[in-house]
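>>> return a 3D structure for these sequence lines:
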Amino acid sequence: MSSLCISMVPIRLQFALIVLLFLSSETTRPCLAVTSNQELLKGFSAVPLSSVTSFQPILSDQSGNFSLGFLRLNRNQLALAVLHVASSEPLWLANPTHLASWSQSTRLFFNGSLIISDPETDFLWSTATNGDRVVLLNTSNLQVQKKGESSSVIWQSFDFPTNTVVQDQNFTALVSSNGLYSLRMGNDFMGLYAKHGGGSDELYWKHTALEAKAEIVEGNGPIYARISPDGYLGMYQTGTKPVDVQKFNNFQRPHPLFLMVRIEPDGNLKGYCWDGSTWLLNYQGIDDTCELPNPCGPYGLCTPGRSGCSCLDNRTSYSARGCMKEGYGDLCGEGMAEDKYWVMRRTGVEPAHKELTRQERASSVEECEGMCEKDCRCWGALYYNATGYCYVVEHPIQTMVGTGLESKVGYFKVRKGAGDRRRRVGLSVGIVGGVVAMMGVIGAASYTMRRRRRRRRGVEEEDRVISGPYKNLASASFRSIEMSSSH
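Reported below is the predicted structural model:
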């Protein structure tokens, strides 16, 4: 391994303890990693290279399938990541919500704890351990180990998944890369949740354990999930028998495949298998696009069987910017009374996940709307008179589903200002219309004046033409008389 020694740089007071720990480590000669190792020992240090444009490897597993290193994001940001080498697909990030800068101020080192710090951005992440070495297993699991008669694991990345998990990795939660969606385990189910600003998270997908092979025993601890190499996503409580199985496309196929599951930025839960050259879609929790939490954006409308999106307000054309600004928080705060929002109604719509939406009995659409109008936590209410159910939406309005049934009526609160873009379009049209009308008035007046002048000239010309020879009747003066007399 080639190396280039670097000198310590001054850092802020909050990093003083790290510096002291670093200086007291077994090796005091920090070096810059330019090739990949198969273990990191105390005294290891690395900084990002300015010449690297995508990924700088630091640590590899013995098979060479996985690598730990600096992943360059957004041109000048850095994440400590474990990648699947063949596809360059990140499987784990140290801290996805707070990234370091891609600069010489950022340093990764191991002094018993694996630490990455960047004084310029106040970024600091650590395993908070007292280990002897760092290794990357051929399962993509990054571990800090303590040496002894048998190496003991004191920290591992498998215990801290981000948006992705791989086969044989136990997990209880995942968070999408954009932070909007999460997977969590309940007492007897796994669910997908959408995050709404200032309000409670919305459960939009739920898979309850069937308990076909094993039963959930109350008091025996929470359930967790794991991907089996046999091709399924299982839920477990204790023992080796799953309490539920969700089969993948490659279920019980004999040839070995590497599997992973990821919660995507659109909120779907998808499984993939690596066939040696590409990732193949192997499983997905939500099949219908309209069942995703927000495929058309705030106040959007998704109609099954149709391509594209539209808007709940049918006076607004859907664009890449969406329909309206998203609401936020609730309408309960000071000054958030009725004069702070306006009401939109639309027939033929329902919530995308009505079975998971709060339901109330109502005898009429007026009663349903009244429930929402009086409740400052309510953003919308959708009534179906065939069943008498009123579905109450307690978060800012997202995409609704079009049904075409006029008996399904939606009532939606829109915070004032959310429809500014639509109104600005209307204002622009009004201005243009006003200008056109003004031009029309001016044009009409001008035409009238020209016509009067032509009439006067025509009378004069008529006298002259009549007194002249006949051949002059084809002259321009005669044609002007003919045009004038035709009006």
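>>> could you use CA atoms for every contact and neighbour count after this?
Noted.
>>> would you check how far apart Cys290 and Cys309 are?
Distance, Cys290 to Cys309, by CA to CA, to the nearest Å: 10 Å.
>>> who has more neighbours out of these two?
With neighbours defined as other CA atoms under 10 Å, Cys290 and Cys309 compare such that Cys290 has more, 24 against 21.
>>> would you list the phi and psi of His98?
phi -150, psi 110 (degrees, to the nearest 10).
>>> quick one: residues contacting it.
For His98, the contacting residues are Phe123, by CA atoms under 8 Å, 6 or more residues apart in numbering.
>>> per-residue confidence at it?
Per-residue pLDDT puts His98 at 91.
>>> just Asp61 next, same as before
On the pLDDT scale, Asp61 gets 96.
>>> report how many residues lie close to it.
21.
>>> and what of the one 3 residues further on?
Here the neighbour count serves as a burial measure; for Gly64 (other CA under 10 Å) it reads 16.
>>> do you know how far it is from Gln38?
As judged by CA to CA, Gly64 and Gln38 stand 9 Å apart.
>>> sorry, back to before: overlap of the contact sets of Cys290 and Cys309?
Shared contacts of Cys290 and Cys309, defined by CA under 8 Å, 6+ apart, are found at Cys302, Thr303.
>>> gap between the closest residue in space to Asn385 that isn't next to it in sequence and Gly388?
Counting by CA to CA, 6 or more residues apart in numbering, Asn385 lies nearest to Ser407, which is 6.0 Å off, once chain neighbours are set aside. Using CA to CA, we find Ser407 at a distance of 11 Å from Gly388.
>>> what's the answer for Leu49, then?
65 Å.
>>> how about Gly410?
14 Å.
>>> which SSE is the nearest residue to Ser126 once chain neighbours are set aside in?
Nearest non-adjacent residue to Ser126, counting by CA to CA, 6+ apart: Ile115, 4.4 Å away. Using DSSP states H and E, Ile115 sits in strand 114-118.
>>> could you list every helix and strand in contact with that strand?
Judged by 3 or more CA pairs under 8 Å, 6 or more residues apart in numbering; DSSP states H and E, the packing partners of strand 114-118 are strand 100-101, strand 107-110, strand 123-126.
>>> so which of those strands is nearest Glu264?
Smallest distance to Glu264 across those (CA to CA): 23.1 Å, for strand 100-101.
>>> elements contacting that closest one?
Short answer (3+ CA pairs under 8 Å, 6+ apart): strand 100-101 packs on strand 77-84, strand 114-118.
>>> and it, how far from the chain's centre?
22 Å (CA atoms, centre = their mean, to the nearest Å).
>>> please enumerate the helices of the chain.
16-23, 365-374, 420-467, 476-485 (DSSP state H).
>>> ranking those by mean pLDDT, which is last?
Mean pLDDT is lowest for helix 476-485 among those, at a mean of 34.
>>> Glu373: neighbour count?
19.
>>> separation between it and Tyr341?
Distance of Glu373 to Tyr341, computed by CA to CA: 11 Å.
>>> please apply the same query to Val135.
Counting by CA to CA, the gap from Val135 to Tyr341 is 57 Å.
>>> between those two, who's got more neighbours?
Using other CA under 10 Å, the more surrounded residue of Val135 and Tyr341 is Val135, with 22 against 17.
>>> Glu360 and Tyr391 touch, don't they?
Yes: under the criterion of CA atoms under 8 Å, Glu360 makes contact with Tyr391 at 6.5 Å.
>>> can I see the domain layout of the chain?
Domain ranges of the chain: 1-160, 161-287, 293-418, 422-485, per automatic domain parsing.
>>> bridging residues for Phe171?
Residues in a beta bridge with Phe171, per DSSP bridges, are Ala225.
>>> any idea of the pLDDT on it?
For Phe171, pLDDT reads 97.
>>> that one contacts Arg226, doesn't it?
Yes: with contact defined as CA under 8 Å, Phe171 reaches Arg226; the gap is 6.4 Å.
>>> give me the common contacts of those two.
Counting by CA under 8 Å, 6+ apart, no residue touches both Phe171 and Arg226.
>>> contacting residues around Val343?
So Val343 contacts Tyr411, Phe412, Lys413, Val414 (CA under 8 Å, 6+ apart).
>>> farthest pair within the residues you listed?
Between all members of the contacts of Val343, the longest pairwise span (CA to CA) is found for Tyr411 and Val414 and amounts to 9.9 Å.
>>> so which of the two has more stuff around it?
Taking neighbours as other CA under 10 Å, Tyr411 and Val414 compare with Tyr411 leading, 25 against 22.
>>> give me the low-pLDDT residue ranges for the stretch 101-250 of the chain?
Where the stretch 101-250 of the chain drops to pLDDT under 70, the residues are 149-150, 197-199.
>>> all strands for it, in order.
Taking DSSP state E, counting those that start in this stretch, the strands of the stretch 101-250 of the chain run over residues 107-110, 114-118, 123-126, 133-136, 142-146, 152-156, 164-166, 173-175, 181-185, 189-194, 202-208, 224-228, 232-236, 244-247.
>>> so of those strands, which one's packed in deepest?
Highest mean neighbour count among these (mean count of other CA atoms under 10 Å): strand 164-166, with a mean of 25.
>>> which helices and strands sit right next to it?
strand 89-93, strand 258-263.
>>> alpha carbons of the first one, in CSV - could you do that?
This file holds the C-alpha atoms of strand 89-93, laid out as CSV (Å, rounded to 0.1, in the frame of the first residue of the first chain):
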residue,chain,number,x,y,z
GLU,A,89,-24.7,0.7,-5.4
PRO,A,90,-24.5,2.1,-1.8
LEU,A,91,-25.8,-0.4,0.8
TRP,A,92,-25.0,1.6,4.0
LEU,A,93,-24.1,5.2,4.9
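>>> what about Val165, distance to Gly410?
With CA to CA as the criterion, Val165 and Gly410 are 39 Å apart.
>>> then Cys309?
Using CA to CA, we find Cys309 at a distance of 18 Å from Gly410.
>>> for Cys323, same thing?
Distance of Cys323 to Gly410, given as CA to CA: 16 Å.
>>> show me the contacts for Val135.
Here Val135 is in contact with Gln38, Glu39, Leu40, Leu59, Ser60, Asp61, Leu142, Gln143, Val144, Gln145 (CA under 8 Å, 6+ apart).
>>> ok, what's across the strand from it?
Beta-bridge partners of Val135, as defined by DSSP bridges: Gln143.
>>> related to what we said a few turns ago, out of the contacts of Val135, what pair is the most spread apart?
Across the contacts of Val135, no pair lies farther apart than Ser60 and Gln145, at 15.6 Å, counting by CA to CA.
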